[in-house]
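A.B. asks: Predicted model, plus sequence, below.
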Amino acid sequence: MAYYRERTGRSRAVLGGLVGRSAEWVKGLETGRLGLPRLPMLIRLADVLGLDDLADLVGDQRLSRAAYTKHAHESLDVIRNSLAAYPVTAGDDPMPADVLTGRVEQAWRLWHTKKHERGAVAGRLPGLIADARASARALDGAERRQASRQLAQVYHLAQLYTTFQPAPELVYLTSDRAMHAAADADDPAAIAGAAWYLNHVWRDAGEAADARVELARDVADMLRPGKSAEQLALFSLMHLAIALSHAKVGREGDAWRHHDEAERAARGLPAGYAHPWLMIGRGMVEHYAVTMHLDLQKPGLALRAADRIDPAAIPSRTRQSRYLVEVARAHHREGDDVAAVHLMRKAEGISADTFAFSLFARSMVAELLVSPPATVADEVRDLARSLRLIV
């Protein structure tokens with residue numbers, strides 16, 4: 001890896017940044033201190049280094065499927081089977097759109113308020129998928145459009161559930177189906193939600209940078225004339241999606257220009273406003289600035305931005321936990337591993353599921369396990385057990 005990195009003229013920090021890891025992580029791979037990363041990361045490294053054959057990185061070693069499979073939630077197979085089912089009839093008694101809406105709203109509340117959010121929604125998702133599909137097919141007029149909006153949200157929940165598990169095909173499937181359901185609803189707000197989650201899929205995969213920006217820009221233009229709080233929030237969300245996409249590929253000026261646009265829109269929202277399931281509000285725009293600084297390889301600025309944010313003000317356990325892992329990542333990049341461990345323990349306490357399926361948390365704890373700081377060595381091992389890195 002060192003040979004190909006140097007051939008492309010990249011430092012360890014730059015290569016690490018392009019794949020979401022630290023310079024120390026790259027050094028650990030190059031010197032043999034760390035073992036092989038998982039297959040998705042190997043593919044990402046090969047792509048960044050311009051290699052067509054993974055053998056250029058790993059030689060003739062056999063890649064064990066078990067070694068590269070991420071931790072799976074206990075209900076993953078049930079959710080997979082629900083998504084793979086294709087009923088050819090809509091049924092005789094479709095669920096009324098208002099009833100379906102209430103069930104979907106309840107599922108979102110569980111997702112954002114429970115410490116084990118995947119477990120909380122897993123038992124509901126199969127029924128929601130089946131019922132929302134049936135209602136979207138069988139109802140007519142305004143009720144059908146309302147059911148299609150709810151179907152898009154059910155697919156969003158399924159996408160969130162399957163993310164960071166050994167089922168990338170389901171993440172793509174649910175994001176695509178959500179966009180089609182939102183389009184069937186002919187509702188700009190539903191399309192905005194689908195565009196946000198589709199952006200996440202492409203950005204995490206390092207794909208379709210121009211296409212995902214164009215999508216978010218087109219949806220923002222659809223929302224621009226709107227004056228309601230929801231339309232203003234979603235307009236802000238689309239510019240935030242564009243900002244994150246630009247930051248991911250190192251376009252710093254464009255990234256902050258669109259972040260400023262997102263902030264201006266968010267400042268026009270009523271005090272304390274948060275979208276009921278996307279959670280976009282003033283605070284969300286601020287805390288994503290931490291992620292942008294990290295993607296732009298500026299962990300010091302990420303920590304400075306974090307100093308102005310109260311995690312408890314984020315109205316979602318999953319979002320709070322994810323944000324704390326991001327701040328921990330900034331401390332880890334800056335060499336303050338004691339602070340990183342402290343924040344990861346807080347993140348785990350707020351949402352055990354979000355933490356357990358965080359790839360950044362797994363990466364940091366795996367690095368720390370090699371030589372943990374003496375003052376937090378027990379905590380590092382506890383985190384490693386929670387992440388199933390050790391038994």
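C.D. replies: On my side now, so go ahead. Bear in mind that the values here come from a model prediction, so they are computed numbers and not experimental data.
A.B. asks: Secondary structure element for Arg144, which one?
C.D. replies: Taking DSSP states H and E as the definition, Arg144 sits inside helix 141-162.
A.B. asks: where along the stretch 151-300 of the chain do the strands fall?
C.D. replies: Read by DSSP state E, counting those that start in this stretch, the stretch 151-300 of the chain holds no strands at all.
A.B. asks: Could you pull up the contacting residues of the residue lying closest to His116 once chain neighbours are set aside?
C.D. replies: Counting by C-beta to C-beta, 6 or more residues apart in numbering, the nearest residue to His116 once its immediate chain neighbours are dropped is Asp353, at 5.0 Å. (C-beta placed from N, C-alpha, C; glycine too.) Contact analysis of Asp353 by C-beta atoms under 8 Å, 6 or more residues apart in numbering lists His73, Lys115, His116, Glu117, Arg118, Gly119, Thr318.
A.B. asks: in the worst-scoring helix or strand of the chain on mean pLDDT, what counts as buried?
C.D. replies: None of the helices or strands of the chain scores lower by mean pLDDT, DSSP states H and E than helix 55-58, at a mean of 79. Neighbour counts over helix 55-58 (16 or more other C-beta atoms under 10 Å) mark Leu57 as buried.
A.B. asks: can you check stretch 2-16 too?
C.D. replies: Those would be Tyr4, Arg5, Arg10, Arg12, Ala13, Val14, Leu15, Gly16, for stretch 2-16 by 16+ other C-beta under 10 Å.
A.B. asks: list the helices and strands the strand or helix carrying the last one packs on?
C.D. replies: Gly16 is part of helix 12-18 when elements are defined by DSSP H and E. When contacts are defined as 3 or more C-beta pairs under 8 Å, 6 or more residues apart in numbering; DSSP states H and E, helix 12-18 packs onto helix 23-31, helix 39-48.
A.B. asks: Try it again at 6 Å.
C.D. replies: Contacts defined by 3 or more C-beta pairs under 6 Å, 6 or more residues apart in numbering; DSSP states H and E place helix 12-18 against helix 23-31.
A.B. asks: hmm, back to that, so which of the contacts of Asp353 are in helices?
C.D. replies: If you go by DSSP state H, these have Glu117, Arg118, Gly119, Thr318 in helices.
A.B. asks: pretty sure the last one contacts Ser351?
C.D. replies: Yes - checked against C-beta atoms under 6 Å, the pair Thr318 and Ser351 is within contact range at 5.3 Å.
A.B. asks: what about the two, which has more around it?
C.D. replies: Ranked by neighbour count (other C-beta atoms under 10 Å), Thr318 and Ser351 place Ser351 first, with 27 against 22.
A.B. asks: Please, which helix or strand holds the spatially closest residue to the more buried one that is not a sequence neighbour?
C.D. replies: Excluding the flanking residues, the one nearest Ser351 by C-beta to C-beta, 6+ apart is Ser321, at 3.6 Å. For Ser321, the host element (DSSP H and E) is helix 317-333.
A.B. asks: which SS class is the nearest residue in space to Glu348 that is not next to it in sequence?
C.D. replies: Counting by C-beta to C-beta, 6+ apart, Glu348 lies nearest to Phe355, which is 4.2 Å off, once chain neighbours are set aside. Using DSSP: H, G, I helix; E, B strand; the rest coil, the structure places Phe355 in helix.
A.B. asks: How many neighbouring residues does Phe355 have?
C.D. replies: Phe355 is flanked by 26 other residues according to other C-beta under 10 Å.
A.B. asks: ok, it - contacts?
C.D. replies: Phe355 makes contacts with Ser321, Ala347, Glu348, Ala361, as judged by C-beta atoms under 6 Å, 6 or more residues apart in numbering.
A.B. asks: same thing but at 8 Å, please
C.D. replies: By C-beta under 8 Å, 6+ apart, Phe355 lies in contact with Ser321, Val325, Met344, Ala347, Glu348, Ala361, Ser386, Leu387.
A.B. asks: Mind giving me the ChimeraX command for buried ones among those residues?
C.D. replies: Only the buried entries of those go into this ChimeraX selection, using 16+ other C-beta under 10 Å:
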select :321,325,344,347,348,361,386,387
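A.B. asks: Could you dump the contacts of Phe355 into a markdown table with distance to Leu42 and pLDDT added?
C.D. replies: Shown next, in a markdown table, are the contacts of Phe355 (distance: C-beta to C-beta, whole Å; pLDDT from 0 to 100):
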| residue | distance to Leu42 | pLDDT |
| --- | --- | --- |
| Ser321 | 27 | 97 |
| Val325 | 23 | 97 |
| Met344 | 25 | 98 |
| Ala347 | 27 | 98 |
| Glu348 | 27 | 98 |
| Ala361 | 20 | 92 |
| Ser386 | 25 | 93 |
| Leu387 | 20 | 92 |
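A.B. asks: Let me know whether Gln159 touches Ala178 as I believe.
C.D. replies: Yes - taking contacts as C-beta atoms under 8 Å, Gln159 lies within contact range of Ala178: 6.8 Å.
A.B. asks: shared neighbours of the two, anything?
C.D. replies: Looking at what touches both Gln159 and Ala178 (by C-beta under 8 Å, 6+ apart), the common residues are Tyr197.
A.B. asks: Okay, now the unreliable bits of the chain?
C.D. replies: 40, 60-70, 90-92, 225-226 (pLDDT under 70).
A.B. asks: mind checking how far the residue nearest to His259 when sequence neighbours are not counted is from Val104?
C.D. replies: For His259, ignoring the flanking residues on the chain, the nearest one in space by C-beta to C-beta, 6+ apart is Ala243 at 4.0 Å. Noted for Ala243: a distance of 28 Å to Val104, by C-beta to C-beta, to the nearest Å.
A.B. asks: okay, these two: which has more neighbours?
C.D. replies: Remark: of Ala243 and Val104, Ala243 carries more neighbours, 28 against 23, as counted by other C-beta under 10 Å.
A.B. asks: ok, now how distant is the more buried one from Leu151?
C.D. replies: Here the distance between Ala243 and Leu151 works out to 29 Å (C-beta to C-beta).
A.B. asks: And Ala209, by the same measure?
C.D. replies: For Ala209, the distance to Leu151 - C-beta to C-beta - is 28 Å.
A.B. asks: more neighbours, the two?
C.D. replies: With neighbours defined as other C-beta under 10 Å, Ala209 and Leu151 compare such that Leu151 has more, 29 against 15.
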